[in-house]
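Visitor: okay, here's the prediction I keep looking at, along with the sequence it came from:
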Amino acid sequence: MTTTIIGYPHIGRHLELKSAVEAYHKQTISASELNRVAAQTRQQSWQTQAQAGIDWLPVNDFSYEDQLLDTAVLFNVIPQRFRQLHFSPLDTYFAMACGTQANTTFLSPLKMATWFNTHYGYFIPELEDPTTIQLVGTKPFDEFKEAQQLGYHARPTIIGPYTLLKLSRITSTKKITDYVNRLVTAYAQLFDRFDQLNADWLQLDEPALVLAPTKADLELFNQIYTTLLPQKGRLKILLQTAYGDVREAYSQLTQLNFDGLGLDFIDGQQTEACIQDKGFPDNKVLFAGIINGRNVWRTNYQTSLDLLHRLPVKHVVLSTSCSLLHLPISLANEPALPKTVRPYLAFAEEKLTDLVAINNLLAGRNPEFLTANQRLFNHSRGAENVQVTTRLHALTKVDYHRRPERKKRQRRQQQAIPLPVLPMTTIGSFPQTAADKQRVTAFKQGQLTKAQFQNATHKRLQECLTEQTKLGLDVLVTGEYSRDDMISYFDHQLSGFLFTKHAWIQTFGTYCAQPPIIWGDIAWTHPITVTETVAAQRLTTRPVKGVLTGPLTLVNWAYPREDVSLRISATQIALALQDEAHALEEHNIHIIQFDEPAFRSHLPLRQSDWYTNYFNWAIAVIRLVASHLQPTTRFHIHMCYQQYTDILDVLDQLDADALSLSATDPALLDALHNAHFATPVGLGMFDTAQFKVPTKAVMVAKLQAAIAQLGPTRIWVNPDCGLKLLDEPGALTGLARMVQATKQVRNTI
Ligand code: GLN
Ligand code: ZN
């Protein structure tokens, strides 16, 4: 059988491409030097794939910033405001991704969105009225020729017309179907060019097919491809999907004149069922995505072989479930990972060897690989923590139901720690100076002792408490000066996570991250935030709020285990955080907030799966952290920058004593009112990611509107999120106005 992959990471083995792009932005290298590094990165990745034994290589998966942006630019989908800059094509492209200084103002980049349910962010192309879609670039052809000249069997790839349309934002008065004709013509031209270049196949990536297409969507897809496919000439077309199954479109895909279908057997829960139930045409090739392209574990060869043997398909090419873009490049970059751990892991490069090994096994070669691989899965990898699993098994209903009910406990909370109407607080972090950030880095690198670090942060904490008191806030916070970020600060202090040193993945543009790996059972081993929170409480008579990152957000930002479900890991983290919350309580901290900005990140792509595959356990996990808190402890949840109006019933079931939400959506208050939302709401008074603070009058109006809809007793007042991203004057102005506005409104109640 032939082996191939959908795409490969391109930031460079040692981040060479990322560094080169950043250097180009700083004008320390020229465009031609940038091109040279880019070509080198591409060649290195082809060489790695070929050396691993992959037969057929994708090209044009390379990108400086993002493949969807590349496709948009290739077809002239460039908003007028970027065109008007009259920059070179390369600089126009970078302006769309990074923004640019245009005369006296800063022109913002294209808005971003999450790429399916991954951690990768893409730039949203904009279809304007004057946009004339046409093939204007040469990138895919150039890269194809480059690979051809090096003697590789290369398959050009590009995002398909349906996904391009579905993920773009139409800013004109036109309908989506108005763009079809020109787009089809442009793709047909692309077919022609590749045919002239003697390409045998072309891969069209249409992952948008997994987003539960409606009838109208399927008609659009049909309209596009019934006109486009007759123009393919000698070229064979692979319709490639990823990130889920295509249950709605499957029949249509098998009927259209595609030469190959690329299907995801990892995230595609119903992929196999579609094939078993509806069959797979003999005249098409199945590109079987059997290797998990987005998680870091070795493939279980036997599971893959069993699947392949079950499939009633004549022509199969072995492939990955999605592009390997979501994986670090190579385990070779992590020499410090223990020997006991390494055999279980597979980054991009190691996934290639998995693919080739499975192919060899299918052909009856190297049976010893199978034996070695089975050993990994048939023996314990020493990741269990018996105490944790015992505790998990012992959980019963009472662990998910806090007593007494909210109304009763809120009376007791108010008696224990009385607060004025419209209580004012912040979300946790305060602005960090360069020195603050340096201090955290120095401590992490071992250049500061714990005592030195704590002394220095304590000074900042004192200043922060003084500032909050001066402002007149009711519930104070530590300012979070000891946290580098809300995720890794907690991960590093819980047991069960595995960390890497150089295992970078691209998150958006040239931004990279290093998500930890959930290696085993997760447990709380020592207090994390207690010292600092108690230190803050000693400095004031007002209540100090403990702030913890929530279990769903922590589980979301790590590579999950494959031997247990996400629900189990999340439940373990919830129990660990329960321990931390109890430790805070024991030290007289009686307001505890859990931050869950990633609450929605795991939502299945199909709304019909939301409850069954996610909410049913996610709600339980959040309730678990608070179930045994004392009735007098206020349990707060913070979420930000998400859509809430469609999940208000879920949010109410979390049974929080207050839920702080960013209130930028003007429809939110109406929705809360109409849904009879029972949880008290913390209303975001200003956006902490923007440098413009609304006037006091605007804030007063917002509060009055909220009181009209929700009544005065169920509203907290706070910024949208932590203040970490703001500079100090901006944050203080925002807070001061928030306090003035609240005081003014309080007088009218
Ligand atoms: N407590 C965190 C902070 O204030 C919350 C961050 C977040 O929600 N993204 O920074
Ligand atoms: Zn937030």
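Guide: That came through fine. Numbering: from 1, shown residues only. Ligands and ions are numbered 1, 2, ... in the order given.
Visitor: OK, contacts around Gly137?
Guide: Applying CB atoms under 8 Å, 6 or more residues apart in numbering to Gly137 gives the contacts Val73, Leu74, Pro89. Backbone N, C-alpha and C define where each C-beta goes, glycine included.
Visitor: whoops, Ala736 was the one
Guide: Here Ala736 is in contact with Leu471 (CB under 8 Å, 6+ apart).
Visitor: that one - that's part of a helix, no?
Guide: Yes: Ala736 sits within a helix when classified using DSSP: H, G, I helix; E, B strand; the rest coil.
Visitor: per-residue confidence at it?
Guide: At Ala736, the pLDDT value in this model is 98.
Visitor: could you measure from it over to Thr695?
Guide: 12 Å (CB to CB, to the nearest Å).
Visitor: do the same with Val544
Guide: 30 Å.
Visitor: ditto for Pro312
Guide: 67 Å.
Visitor: Ala435 too?
Guide: 32 Å.
Visitor: how about Ala598?
Guide: For Ala598 relative to Thr695 (CB to CB), the value is 32 Å.
Visitor: please say which of these two ends up with more neighbours.
Guide: Taking other CB atoms under 10 Å, Ala598 and Thr695 do not tie; Ala598 has more neighbours (19 against 10).
Visitor: wasn't that one part of a strand?
Guide: No: counting by three-state DSSP, Ala598 is not found in a strand; it is coil.
Visitor: who's in contact with it?
Guide: So Ala598 contacts Leu552, Thr553, Asn556, Trp557 (CB under 8 Å, 6+ apart).
Visitor: per-residue pLDDT, it?
Guide: So, for Ala598, pLDDT stands at 93.
Visitor: so how far is ligand 1 from it?
Guide: Ala598 sits 9 Å away from ligand 1, going by CB to the nearest ligand atom, to the nearest Å.
Visitor: before we move on, the earlier item: as JSON lines, the contacts of Ala598 with distance to ligand 1 and pLDDT would be great.
Guide: Listed next are those as JSON lines, based on distance: CB to the nearest ligand atom, whole Å; pLDDT from 0 to 100:
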{"residue": "Leu552", "distance to ligand 1": "12", "pLDDT": "97"}
{"residue": "Thr553", "distance to ligand 1": "8", "pLDDT": "97"}
{"residue": "Asn556", "distance to ligand 1": "12", "pLDDT": "93"}
{"residue": "Trp557", "distance to ligand 1": "11", "pLDDT": "92"}
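Visitor: return the subset of those lying in helices.
Guide: Leu552, Thr553, Asn556 (DSSP state H).
Visitor: now render those as JSON lines, adding neighbour count and distance to ligand 2.
Guide: Listed next are the ones in helices among the contacts of Ala598 as JSON lines, based on neighbours: other CB atoms under 10 Å; distance: CB to the ion, whole Å:
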{"residue": "Leu552", "neighbour count": "25", "distance to ligand 2": "13"}
{"residue": "Thr553", "neighbour count": "22", "distance to ligand 2": "10"}
{"residue": "Asn556", "neighbour count": "21", "distance to ligand 2": "14"}
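Visitor: let me have these in JSON lines, extended by distance to Gln101.
Guide: Converted to JSON lines, these look like this (distance: CB to CB, whole Å):
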{"residue": "Leu552", "distance to Gln101": "39"}
{"residue": "Thr553", "distance to Gln101": "35"}
{"residue": "Asn556", "distance to Gln101": "35"}
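Visitor: closest to Gln572 among those residues?
Guide: Leu552 (12.5 Å; CB to CB).
Visitor: of all of this structure, which residue lies closest to ligand 1?
Guide: Gly722 (2.0 Å; CB to the nearest ligand atom).
Visitor: that residue contacts Ile427, correct?
Guide: Yes: with contact defined as CB atoms under 8 Å, Gly722 and Ile427 form a contacting pair (4.6 Å).
Visitor: tell me which element Leu202 falls in.
Guide: strand 201-205 (DSSP states H and E).
Visitor: let me know the angle separating the helix or strand following that strand from strand 201-205.
Guide: Next along the chain after strand 201-205, taking DSSP H and E as the criterion, comes helix 215-228. Going by axes from the mean of the first three to the mean of the last three CA atoms, to 10 degrees, helix 215-228 is angled at 160 degrees with respect to strand 201-205.
Visitor: list the buried ones in helix 215-228?
Guide: Buried residues in helix 215-228, counting neighbours by 16 or more other CB atoms under 10 Å, are found at Asp217, Leu218, Leu220, Phe221, Ile224, Tyr225, Thr227, Leu228.
Visitor: got the contact list for the residue in the stretch 301-450 of the chain that ligand 2 sits nearest to?
Guide: Using CB to the ion, the single residue of the stretch 301-450 of the chain nearest to ligand 2 is Ile427, 5.7 Å away. Contact analysis of Ile427 by CB under 8 Å, 6+ apart lists 477, 547, 593, 595, 638, 640, 660, 688, 718-723.
Visitor: and this protein, which residues reach ligand 2?
Guide: Counting by CB under 5 Å from the ion, the chain comes close to ligand 2 at Pro597, Cys640, Cys721.
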